[in-house]
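**Student:** what follows is a predicted protein model with its sequence.
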Amino acid sequence: MTDGTRSEILLRVNGLTHRLDVDNRRTLLDALREDTGRTGPKKGCDRGQCGACTVLLDDRRVVSCLTLAVAADGSDVTTVEGLAPDGELHPLQQAFVQLDGFQCGYCTPGQLCSAVAMLAEHAAGWPSAVTTDVSPERPAPELDAVEVRERLSGNLCRCGAYPSIVRAVLETAARAEVTG
C-alpha cells in the first residue's frame, strides 16, 4: 500500500470473512476466484455482457467482472456456492436439476444467482421493462414467462436452455407462494 496501487479489503464471501490485499484494479471476479477459491462465478466475456460471473453483493445482483474488488470492501458476497451453505440445495438449484435448467452448466452459477435476486426484486414489487403498469398504486406485476425472460435477459446461455430455466424459476416462485 505504499504507492497507492493496492488496498487491503474485507469481503464476507458466503459467510466467511476474507482480508485481502488487492491491486486497486482487480475485479471482484478475479478476487473471488483467485484469492478466495470460489470457482462458481465464471469468466465468460469479461465485459459484463454474458452474466456468467453474476454474484450477489449485499443481496443485489452484480456482474463481478465489472465490479472492482475495492468497491466491494466490507460487503457480503454470495456466490452460487453460498446458495447451499449446509449442502442442502436452494429451491432454485433443485428446480434447475429437476427441470434440466442447464446444459453444459457454464452459465448456471450466474443464472442461479441472478434468478435468486430477480425473485426477491419481484417479491418487493419492482417493475421490469415489460411490466405494463408501473404506477405507484399498481399491484405487484404478475410473474410470467415474459417477465422472467426480461428480468434474466442479462444472463446468456449458449446451449439454449432458456425454456427450462424459465420453467424452473416459475415453478420455484409458485412453490414459494404456496408455502410462504
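**Tutor:** Structure received.

**Student:** alpha carbons only for contacts and neighbour counts from here, please
**Tutor:** Noted.

**Student:** who's in contact with the residue nearest to G51 when sequence neighbours are not counted?
**Tutor:** Residue nearest to G51 in three dimensions, not counting chain neighbours: N155, with 4.3 Å by C-alpha to C-alpha, 6 or more residues apart in numbering. Taking C-alpha atoms under 8 Å, 6 or more residues apart in numbering as the criterion, N155 is in contact with 49-52, 107, 110-111, 114.

**Student:** remind me which helix or strand N155 belongs to.
**Tutor:** Using DSSP states H and E, N155 sits in no helix or strand.

**Student:** ramachandran angles for the residue nearest to the spatial centre of the chain?
**Tutor:** Centroid check for the chain by C-alpha atoms, centre = their mean gives C113 as the closest residue, at 2.6 Å. Torsion angles at C113 (phi, psi; degrees, to the nearest 10) stand at phi -60, psi -40.

**Student:** leaving out the residues flanking it, which one is nearest to it?
**Tutor:** Leaving aside its sequence neighbours, C113 sits nearest to V55 (C-alpha to C-alpha, 6+ apart; 5.6 Å).

**Student:** can you list contacts of the helix or strand hosting the one you found?
**Tutor:** Assigned by DSSP H and E, V55 belongs to strand 54-57. For strand 54-57, contacts defined as C-alpha under 8 Å, 6+ apart pick out 41, 61-64, 72, 75-80, 109-111, 113-114, 117.

**Student:** any idea of the pLDDT on V178?
**Tutor:** pLDDT, V178: 66.

**Student:** check P141 too.
**Tutor:** We have a pLDDT of 81 for P141.

**Student:** then T2?
**Tutor:** pLDDT for T2: 54.

**Student:** and the longest helix belonging to the chain, how far out from the chain middle?
**Tutor:** Looking across the chain with DSSP state H, the single longest helix is helix 162-179. Computed by C-alpha atoms, centre = their mean, to the nearest Å, the chain-centroid distance of helix 162-179 equals 16 Å.
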